[in-house]
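> quick one, what's the 3D model for this:
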Amino acid sequence: SSDKLTYELVESANGVNPQPHKALGSIQSNDSIDRVKNDVLNNNLGYQIIGRSTENRPIDVVFIGNKANPILKIFIVAAQHGDERGSRRSAEVIISHLTKTTELNDICVAVLSNANPDASHRKKRKTSSTDMNRDHLRLSSVENQMLHSFIQSWKPQVIIDLHNYPPSRRFLEKSNHAFYHDVLIDRPTNPNGTNWFDDIQLNQLIQQVQSDLSEFSYECERYALIYPSGRVRHSTDDIVDLRNFMSVRHNILTILVEGKEPLQGTNYDLQIQRTVSAQSLAVLSIIKWLAQHKSLLKSSGVSQFNKGDRYSICHKYVKSEIPLSMKFLNTISNKVELLSLHNYYNSLKATKYVRIPNAYGVPSSFRDIIDLLHAHGFRSYKAIASELYKIEEYLILSFESTIKNSPRPPSDVRIISFQDKRRLDNYEIFPTEQEGGHSLLLLMEPQSEYGLCRYENLGLKLDPGIHFPILRITDEGLKNGGNELS
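Residues are numbered from 1 along each chain as shown. Model prediction:
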């Protein structure tokens, strides 16, 4: 039926499994960051332990290039998931290659090759119930707290987030297909993030990567997620992952680079060597593209959101009239086949807007929320004692609970808003006119599908008939009043 993804065979080709190429040389599996540290120090480059993991393992970053006065800062993060060994090895290959180049005249590249050392030590995706790449909003893990602190202090314009992806999907298995691309790439997809880097820019980037990889018969395409039902879309618009959160909160272009895990039944060592080589080359190609487009990155730093603007806090996926054409491996014939995927949702449409207020007021008793916002780099003030401020308060009428594997805010939240004047002596004030202040709306609004209401331990649980504790502040005079916190 039209609601199901159907296949249309367009063409097929041979040559799916060329041998891996050691285009960058290689780092053997027993090499470690210790060897790289020595190289870095000997070459007068940079090395920093930015923190320690839960089990006291170092979280260390290597700096390569112009550290003193770079025009462009690029931060490469690998192995947020400890079982993705390929991404970790790709980062080490990139370090090894970049320490031997002299082409980074006005660029500094920082590489964190093992973001989750405890999970990597156990060869597990995670060491607790917390998935590191679903924790960038809540910051419950020590590792993410260290990572965010470093990003806020070093201020890269670009982050490249390395992962590995499994080529098998339940829906594809029905027709004996699997992903075969060595590398899949995606951009931030939340509409409130770095939307100056749109599909046009992404396609230009992917085309360069494809061109650079074609010499070695490696394949690259845009990341696509295929559900068991057959629905197809690109990366999530939620802001709990590194890619979207850094885009929305800090206006940092964060590019996802996924290297293919070996397909079950193939030679693991041979295939992972191929993936590491392809993923490393793809990252170097991206760095080259970024170096050629520094002016674009430099002009993108100004926020496009202002107080009083309409701001979208809910979205829905829109089905494309044109199917997604993408190549896949036929696991029976071992040929590459171009398929048309019809149940393709390629864009997002805003379904709920709110106006950007002057500020938000958080009750001083909600210490966990205040501390979390400070950890995300938001500034706050104490209100002037005895002053009356114009506020807007919400009364919660009803909502629909959201049941998913990971926490999501309630949906279809219905509210009534009241305007009032009130003393705010016992409130912490977070102005929206600060760097990335627009993202406060995604976190604070009870109707936001991205908000902090998803975390019950923060005390923002919604109940019909309650007054939402966080206030919208519309007082114009607040901008110049109050006492800033340290």
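> each with direction, which strands does the host helix or strand of Ala110 pair with?
Using DSSP states H and E, Ala110 maps to strand 107-112. According to DSSP bridges, strand 107-112 forms sheet pairs with strand 58-65 (antiparallel), strand 72-78 (parallel).
> and of those, who's closest to His97?
Closest to His97 of the strands paired with strand 107-112 is strand 58-65 (CB to CB; 9.5 Å). C-betas here are computed from N, CA, C, even on glycine.
> show the average pLDDT along the closest one.
Averaged across strand 58-65, pLDDT comes to 95.
> distance from the chain centre to it, please.
Centroid displacement of strand 58-65 relative to its chain, using CA atoms, centre = their mean, to the nearest Å, is 20 Å.
> where are the low-confidence patches of the stretch 101-250 of the chain?
102 (pLDDT under 70).
> please enumerate the helices of it.
Secondary structure of the stretch 101-250 of the chain (DSSP state H, counting those that start in this stretch): helices located at 117-122, 142-154, 170-173, 199-214, 242-250.
> then the first one to PDB, C-alphas only?
Spelled out, it's helix 117-122. Provided in PDB are the C-alpha atoms of helix 117-122 (Å, rounded to 0.1, in the frame of the first residue of the first chain):
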ATOM      1  CA  PRO A 117      36.800   5.400  28.000                       C
ATOM      2  CA  ASP A 118      35.000   3.300  30.600                       C
ATOM      3  CA  ALA A 119      32.600   1.900  28.000                       C
ATOM      4  CA  SER A 120      35.400   1.500  25.500                       C
ATOM      5  CA  HIS A 121      37.400  -0.500  28.200                       C
ATOM      6  CA  ARG A 122      34.400  -2.900  28.400                       C
END
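> list the buried ones in that helix?
Under the neighbour-count criterion of 16 or more other CB atoms under 10 Å, helix 117-122 has 117-120 buried.
> how many residues are close by the closest residue to Glu221 other than its chain neighbours?
In space, and not counting its chain neighbours, Glu221 is closest to His181: 4.9 Å by CB to CB, 6 or more residues apart in numbering. Neighbour count of His181, defined by other CB atoms under 10 Å: 25.
> now His181: phi and psi?
Dihedral pair for His181: phi -70, psi 130, per degrees, to the nearest 10.
> for the most far-flung residue of the chain relative to its centre, which residues are in contact?
Distance to the chain centre peaks in the chain at Ser386, reaching 42.3 Å (criterion: CA atoms, centre = their mean). Contact partners of Ser386, counting by CB atoms under 8 Å, 6 or more residues apart in numbering, are 423, 425.
> Pro431: neighbour count?
Neighbour tally, Pro431, other CB under 10 Å: 21.
> returning to what we had before: tell me which residues are up against the strand holding Ala110.
For strand 107-112, contacts defined as CB under 8 Å, 6+ apart pick out 46, 50, 59-67, 70-78, 91, 94-95, 98, 147, 154, 156, 287, 290-291.
> could you do stretch 280-295 as well?
Contacts to stretch 280-295, defined as CB under 8 Å, 6+ apart, come from residues 23-24, 71-72, 74, 76, 90, 93-94, 97, 106-107, 109, 158, 160, 162, 182-183, 185, 204-205, 208-209, 212-213, 216, 218, 220, 255, 257, 297.
> buried residues of that stretch, list them for me.
Using 16+ other CB under 10 Å as the test for burial, stretch 280-295 gives 280-287, 289-291.
> repeat for stretch 56-74
Residues of stretch 56-74 classed as buried under the neighbour-count rule (16+ other CB under 10 Å) are 57, 59-66, 70, 72-74.
> circling back: helices - which of the buried residues of stretch 280-295 land there?
Among the buried residues of stretch 280-295, the members found in helices (DSSP state H) are 280-287, 289-291.
> re the thing from before, ok, so of the buried residues of stretch 56-74, who is nearest Arg367?
Relative to Arg367, the closest of those is Ile59; by CB to CB it sits at 26.5 Å.
> could you measure from that closest one over to Glu84?
Look at Ile59 and Glu84: by CB to CB, to the nearest Å, they are 16 Å apart.
> all strands of the stretch 301-450 of the chain, in order?
Using DSSP state E, counting those that start in this stretch, the strands of the stretch 301-450 of the chain run over 310-319, 324-330, 335-341, 344-355, 359-363, 381-382, 388-400, 411-423, 427-431.
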